[in-house]
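Trainee: Make a model of this:
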Amino acid sequence: MNDTAPALSIMDGMAEGRVVATREALSFWGGVDPATGRVIDIHHPLCGECITGAVLMMPSSRGSCSGSGVLLDLALTGRAPAALIFCEAEDVLTLGALVAAEMFGRPLPVVRLRPDIFSSLSQAKSVRIETNAIVADNQAIPLLPPAASALSLTDADRSMLEGGEGVAVAQAMRILTAMAAQQGAVSLVDVTQGHIDGCIYASPANLIFAERMAELGARVRVPTTMNAISVDRANWRSQGVPEAFGDPAARLADAYVRMGCRPTFTCSPYLLDSAPGIGEAIGWAESNAVIFANSVLGARTAKHPDFLDLCIALTGRAPLSGVYLDENRRAARILDVELPDRRNDAFWPLIGYLAGKASPDRIPLLRGLAAGNPSRDDLKALCAAFGTTSAAPMLHVEGVTPEACGAEHPDADGRAITRADMAAAWSMLNEGPEEVELVAIGSPHASLAECHALADAFAGRRRRPEVIVIVTAGRDVIAAAEADGALARLRDSGIQVLPDLCWCSISEPVFPPGTRAVMTNSGKYAHYGPGLSGRAVRFGSLADCVEAAVSGRVPTALPNWL
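Mentor: You can find the predicted model right below:
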């Protein structure tokens, strides 16, 4: 990959359109409405902007691996940008453009510019992408062709690519090797397991892709778990979910099960008995899971986009690039974090959110947190919130995570996260009203320990009838909670516990239609919730969530520790 070239074509094609430019990365999933092409992330500078037909310029993408599915859907419905221009490495939207061209004949040019050229070009009103040049303001910038692949394939790889393992595997290998080439990988690596994020019904494109692959006879060759889906698989009809949504969402899940995936339906696969160990190469999608696996478990996986996750599971191979390699797991930014006294569990997602903002494009090392003795659930919340604001696939916490010792790159820069930063972020995530009608727990899916903590906090207390409390959790956790009595305790307190769904995939009528404002302890959902649900969202600790359920109100003041 020629990173010094002024302009490099990543995906071929010609296009022309008005420029929509931003210096802040955007997650297409949760950030762009596939039905309209408008940006719906209320925290993003482009909120309200329609990107259909535009040349979208941003440094990279961030957030959810499902952005590839949203882009594919936009391409199939004619609502996509005319082209994408980045100045940093980017995989998620690039993969969506690759699948649109490879499987559906819908080319969508992707270009990477040198940062100085990107800055200059972003001031133009319109841009034309030609075969060998980018033209703006009557100036032509030479455009180099896509990098020639230096990928070394094994005999088994070539057999799969040439159809020796069937049509579906050959299709998967074409996509996989094309992505490996654009990432600059020189070989592929064996993975021991996969995790599919593309089973969320983000758009009809996800279903089209999955059913086409299933019809071609696709079968996974490594143990593969599945992310949360978009309906409670057994109960969606009795819950009043419209057939027009419930049927395709269930069919999407069924397609992956037919391909041999395990119906775990959880966005917290690290809570399963099959969670990987330190140094284990895996092929996971789902941003929070990827960050937790790399950071806390010490496993190795890129933040694979939707669709590539299945290609990896079908072949058992992944591009040997990014954080699969030792040299790319080092911290390029040191974040010194102030540790407030008397903090509660809301501190950890808040710090994850701020760490992502402070390190949106590189792996950070967080210092100053070891004395806080974070639990696994604290780290889960931190990693999930980090993934909403950063494109990085991992982080290090000094004195806590397994690879933090000596993780600093010699050229790493430094920044601080202060109590003032925390107060400002808290206020930004708490712009909703004081009264709430819904409490949302389980983004990512709740652990058994979190179910116990919530049951303990509600002991002897009842929620107000007008405030609904819903916990989303994986099937394994729910089964364990039923076995040890925690599930009965939660239900006795009037709390609903839902399998299969997660808050980022829940929709009406399972999401209570009368809700005006939501309370959550999830930094991830506090960020995505307003755009996904159309409601105001309040953020706080687990104890704050219980108080909101009991009183129906959330104080507007900062917590005492801030």
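
Trainee: all strands for the stretch 1-150 of the chain, in order.
Mentor: 7-11, 15-21, 32-33, 38-39, 55-57, 83-86, 110-113, 126-129, 133-136, 139-142 (DSSP state E, counting those that start in this stretch).

Trainee: of those strands, which approaches residue 560 most closely?
Mentor: strand 38-39 (36.0 Å; Cβ to Cβ). C-beta: built from backbone N, CA, C; applies to glycine.

Trainee: Packing partners of that closest one?
Mentor: strand 32-33 (3 or more Cβ pairs under 8 Å, 6 or more residues apart in numbering; DSSP states H and E).

Trainee: Quick one: low-confidence residue ranges for this protein.
Mentor: 1-4, 147-149 (pLDDT under 70).

Trainee: Centre-most residue in it?
Mentor: residue 64 (2.1 Å; Cα atoms, centre = their mean).

Trainee: do you know how far that residue is from residue 284?
Mentor: Residue 64 is 13 Å from residue 284, where distance means Cβ to Cβ, to the nearest Å.

Trainee: about what we covered before: can I get the strands of the stretch 1-150 of the chain in CSV with distance to residue 508 and mean neighbour count?
Mentor: Shown next, in CSV, are these (distance: least, Cβ to Cβ, whole Å; neighbours: other Cβ atoms under 10 Å):
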stretch, distance to residue 508, mean neighbour count
strand 7-11, 36, 21
strand 15-21, 30, 17
strand 32-33, 16, 24
strand 38-39, 20, 20
strand 55-57, 30, 26
strand 83-86, 32, 25
strand 110-113, 35, 25
strand 126-129, 39, 20
strand 133-136, 43, 19
strand 139-142, 47, 13
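
Trainee: Save those strands as CSV, and put in distance to residue 553 too.
Mentor: Shown next, in CSV, are those (distance: least, Cβ to Cβ, whole Å):
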stretch, distance to residue 553
strand 7-11, 50
strand 15-21, 40
strand 32-33, 31
strand 38-39, 32
strand 55-57, 41
strand 83-86, 44
strand 110-113, 48
strand 126-129, 50
strand 133-136, 53
strand 139-142, 56
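
Trainee: so which of these gets nearest residue 263?
Mentor: Using Cβ to Cβ, these put strand 32-33 closest to residue 263, at 28.7 Å.

Trainee: Show me what the closest one is packed against.
Mentor: strand 38-39.

Trainee: how far out from the middle of the chain is the strand it packs on?
Mentor: 18 Å (Cα atoms, centre = their mean, to the nearest Å).

Trainee: Run a quick neighbour tally on residue 417.
Mentor: 22 (other Cβ atoms under 10 Å).

Trainee: Tell me the bridge partners for it.
Mentor: Beta-bridge partners recorded for residue 417 (DSSP bridges): residue 337.

Trainee: shouldn't it be in contact with residue 355?
Mentor: Yes - using Cβ atoms under 8 Å, residue 417 is in contact with residue 355, at 6.8 Å.

Trainee: Now list whatever residues contact both of the two.
Mentor: 335, 337 (Cβ atoms under 8 Å, 6 or more residues apart in numbering).

Trainee: From residue 257, how far off is residue 404?
Mentor: Distance from residue 404 to residue 257, by Cβ to Cβ: 38 Å.

Trainee: that older thread, measure the nearest residue to the residue nearest to the centre of the chain once chain neighbours are set aside to residue 428 for me?
Mentor: Counting by Cβ to Cβ, 6 or more residues apart in numbering, residue 29 is the residue found nearest to residue 64 once chain neighbours are left out, at 3.9 Å. Using Cβ to Cβ, residue 29 is found at 21 Å from residue 428.

Trainee: same thing with residue 194?
Mentor: 36 Å.

Trainee: go on, residue 380?
Mentor: 22 Å.

Trainee: which of residue 194 and residue 428 has more neighbours?
Mentor: The residue with more neighbours, out of residue 194 and residue 428, is residue 194; 30 against 14, by other Cβ under 10 Å.

Trainee: mind listing what that one touches?
Mentor: 220, 222-225, 261, 282-284, 309-310, 312-313.

Trainee: Of those residues, which is the nearest to residue 464?
Mentor: Out of the contacts of residue 194, the member with the shortest distance to residue 464 (by Cβ to Cβ) is residue 225, at 37.1 Å.

Trainee: sec struct for the nearest residue to the closest one once chain neighbours are set aside, please.
Mentor: Leaving aside its chain neighbours, residue 225 sits nearest to residue 264 (4.4 Å; criterion: Cβ to Cβ, 6+ apart). What DSSP: H, G, I helix; E, B strand; the rest coil gives for residue 264 is coil.

Trainee: Measure how buried residue 264 is and give me the count.
Mentor: 23.
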